[in-house]
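based on what follows, work out the 3D shape:
(chains A and B)
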Protein chains: 2
Amino acid sequence: MSELKNDLLLRALRGEEVNRPPVWMMRQAGRYLPDYIKLREKYDFFTRVETPELACEITLQPVDQVGVDAAILFSDILVIPQALGLQVLLEEGKGPILPRTVQTAADVDALTVDGAAERLHYVTDALKLTKKELNGRVPLIGFAGAPWTLLCYMVEGKGSKTFDKAKQFCFTQPELAHKMLQKITDATISYLKAQVAAGADLVQVFDSWSGMLSPADFKIFAQPYLLQIADALSGDAPVILFPKGSWYALPELSKSSAAGLGIDWSLTPELARQMSGGKITLQGNFDPSKLLAPIPQIQREVREMIDAFGTQYYIANLGHGILPNIPVDHAKAFVEAVKSYNS
Amino acid sequence: MSELKNDLLLRALRGEEVNRPPVWMMRQAGRYLPDYIKLREKYDFFTRVETPELACEITLQPVDQVGVDAAILFSDILVIPQALGLQVLLEEGKGPILPRTVQTAADVDALTVDGAAERLHYVTDALKLTKKELNGRVPLIGFAGAPWTLLCYMVEGKGSKTFDKAKQFCFTQPELAHKMLQKITDATISYLKAQVAAGADLVQVFDSWSGMLSPADFKIFAQPYLLQIADALSGDAPVILFPKGSWYALPELSKSSAAGLGIDWSLTPELARQMSGGKITLQGNFDPSKLLAPIPQIQREVREMIDAFGTQYYIANLGHGILPNIPVDHAKAFVEAVKSYNS
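Numbering: from 1, shown residues only, chains lettered A, B, ... in the order given. Model prediction:
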């Protein structure tokens, strides 16, 4: 790691002193960037994900063009369901569709953990290539979807406002649900370890739908698997857990082996610090829609956010992925406002 | 009010002693009830809303068939945008579409507050008829959408996962947004007063999308208008505010003139009591998807919920609207579990 020219993100995760917080943006690779949109017109989604040269090129774009302090691999959380044996279709601009969903014990048994990480060799190939191309400029982030969020898609078969089919599966067949969550967890741990071995300097676990669960159900169906992943990876690389909407879990997760916790914008920085005990690095939590505000307002609110979080044990980020309709100069203004803090 | 045979809900809202909590379910009228589905096949959505006899019949169904302690008028929050001059289309099973949205100062000027409440005479007619048909069996609840939530639809033109266009409107034209929110508020206050005059024993204000706002933006774009409505109505009837997802606002809203606060299932009852100071009636917060669980589990978790909230200053309810795919016997089991608590 010492070869990194900019190791702010890793320093922040280790709680080492930094002169300003590091900044990156969830989903920074893709979506809103004109050079990405050009590639999108030539290659379909999974071609972009599965071709290391394309994934690498897309991953580097925000580093070169927006000036973030980290690269996060261009990929998708649904590669794990694919590697476990499910088909995933993605129509541009629409959500994913899984034509065959998981409903029965036979469906869970059919999920193939053995070799799942190896089947995602295109991800590790892309990480190796990106690591080389980055040449130590900034750290490289690997990632995976959290088991609960992946179960949501694998049972529901598509996005949902309520994921009530996924919940029904868990509430009516809890043993089967846990068996499935464990299989996803096992595959995810191997996958993330392979990402670290291929060059990822840290990994983030996205539990995009954990906030659909009550605090009690989060402890049953989400938290144990997040903790397993954090425990299994913490010897390999720093882990950031991002259970979106699950602000209520901050006190428990702050005692985990995760190095950082992502938070969304439903929480004030002050309360997030209070709930997490002040001793774990927090990441977030600018409302992604606020990047549509005028630039002076973005600059002012970024300063207020850093004032509130403090500059230490902190990673500036959005509270969820950047939206496709964000003007690039607004994204740059966000990043620049963090970089010029204190200067 | 003294003529009510079952005034549990009103007693709970006044903080008077009750031998068990009252129970009703958001969106209890419609959706999952077979007799409603039969009516849906004969009459389109706005015919059902605008025909007092149909709205009355649908409103009474859950009282007769599920045994809830209150009736809530079958209607829609988007009648206010209609009364202000916007067209609202609703295709069965899909979200609403507003073909002409609000974008400019001229659009806001064109919203006609004068006479808006009067144009919704079919709602007051339905309330009068329902009040008569109820014959004092249970209280009758009137309702409206909160100004922020209505602005979301009026600017965005449809449902959205992020309501970023609505937010962009507010962030880039805040003065215009406040002018619009005030117009919606003024119309809503007249509308809710007319509902009380027509027989509503209490009113609930649904801020379905307030949780999309950060705590700071909630204070700017949602809270002031919720407080205005609560203040204006509190002399007429008890007001329940339900800002879904805005758990962070509980400390402030508990000091308002609202008689009750609705909460969703992202919050434990214990924390909700703590944040709201213990002196205001709370309503909620069963995960609507949990009605898909086996009946014994519903019964057990309802008892645990009441244990945690306590039986006083409490209204048992779901944490959001009942889902269309809930079996009627599961809805009944929820209601019965509350009614048999302590017995």
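
stretch A:157-168: which residues count as buried?
Using 16 or more other Cβ atoms under 10 Å in any protein chain shown as the test for burial, stretch A:157-168 gives A:157, A:158, A:160, A:162, A:163, A:164, A:165, A:166, A:167, A:168. All C-beta spots, glycine's among them, are computed from the backbone N, C-alpha and C.

flag every residue of chain A that's near chain B.
A:162-164, A:167-168, A:171-172, A:211, A:213-217, A:245, A:247-248, A:265-268, A:271, A:287-290, A:292-294, A:297, A:323, A:325 (Cβ under 8 Å from any Cβ of the partner chain).

show me what contacts the spatially most central residue of chain A?
Of all residues in chain A, the one closest to the mean position by Cα atoms, centre = their mean is residue A:206, 4.2 Å from it. By Cβ atoms under 8 Å, 6 or more residues apart in numbering or on different chains, the contact set of residue A:206 is A:77, A:143, A:144, A:145, A:146, A:149, A:242, A:244.

surely the fourth one touches residue A:77?
I take that to be residue A:145. Yes: taking contacts as Cβ atoms under 8 Å, residue A:145 lies within contact range of residue A:77: 3.0 Å.

would you map the strands across the stretch 151-300 of chain A?
Along the stretch 151-300 of chain A, counting by DSSP state E, counting those that start in this stretch, strands occupy A:202-207, A:239-243, A:260-262, A:281-286.

and the residue lying closest to residue A:111 once chain neighbours are set aside, what does it touch?
Of all residues not flanking residue A:111 in the chain, residue A:84 sits nearest, at 4.3 Å (Cβ to Cβ, 6 or more residues apart in numbering or on different chains). By Cβ under 8 Å, 6+ apart, the residues touching residue A:84 are A:111, A:112, A:113, A:116, A:154, A:183, A:184, A:187.

between these, which is nearest chain B?
residue A:154 (16.8 Å; Cβ to the nearest Cβ).

from residue B:161, how far off is the one residue in the stretch 1-150 of chain A that gets nearest to chain B?
The nearest approach of the stretch 1-150 of chain A to chain B comes at residue A:95, 9.4 Å away (Cβ to the nearest Cβ). For residue A:95, the distance to residue B:161 (Cβ to Cβ, to the nearest Å) stands at 9 Å.

likewise residue A:196?
For residue A:196 relative to residue B:161 (Cβ to Cβ), the value is 32 Å.

which SS class is residue A:149?
At residue A:149 the chain is in helix, as set by DSSP: H, G, I helix; E, B strand; the rest coil.

ok so, going back, now tabulate the strands of the stretch 151-300 of chain A in TSV and tack on distance to residue B:139.
Listed next are the strands of the stretch 151-300 of chain A as TSV, based on distance: least, Cβ to Cβ, whole Å:
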stretch	distance to residue B:139
strand A:202-207	41
strand A:239-243	39
strand A:260-262	44
strand A:281-286	41
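
now render the ones you listed as JSON lines, adding mean pLDDT.
As requested, the strands of the stretch 151-300 of chain A are exported to JSON lines (pLDDT from 0 to 100):
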{"stretch": "strand A:202-207", "mean pLDDT": "98"}
{"stretch": "strand A:239-243", "mean pLDDT": "98"}
{"stretch": "strand A:260-262", "mean pLDDT": "98"}
{"stretch": "strand A:281-286", "mean pLDDT": "98"}
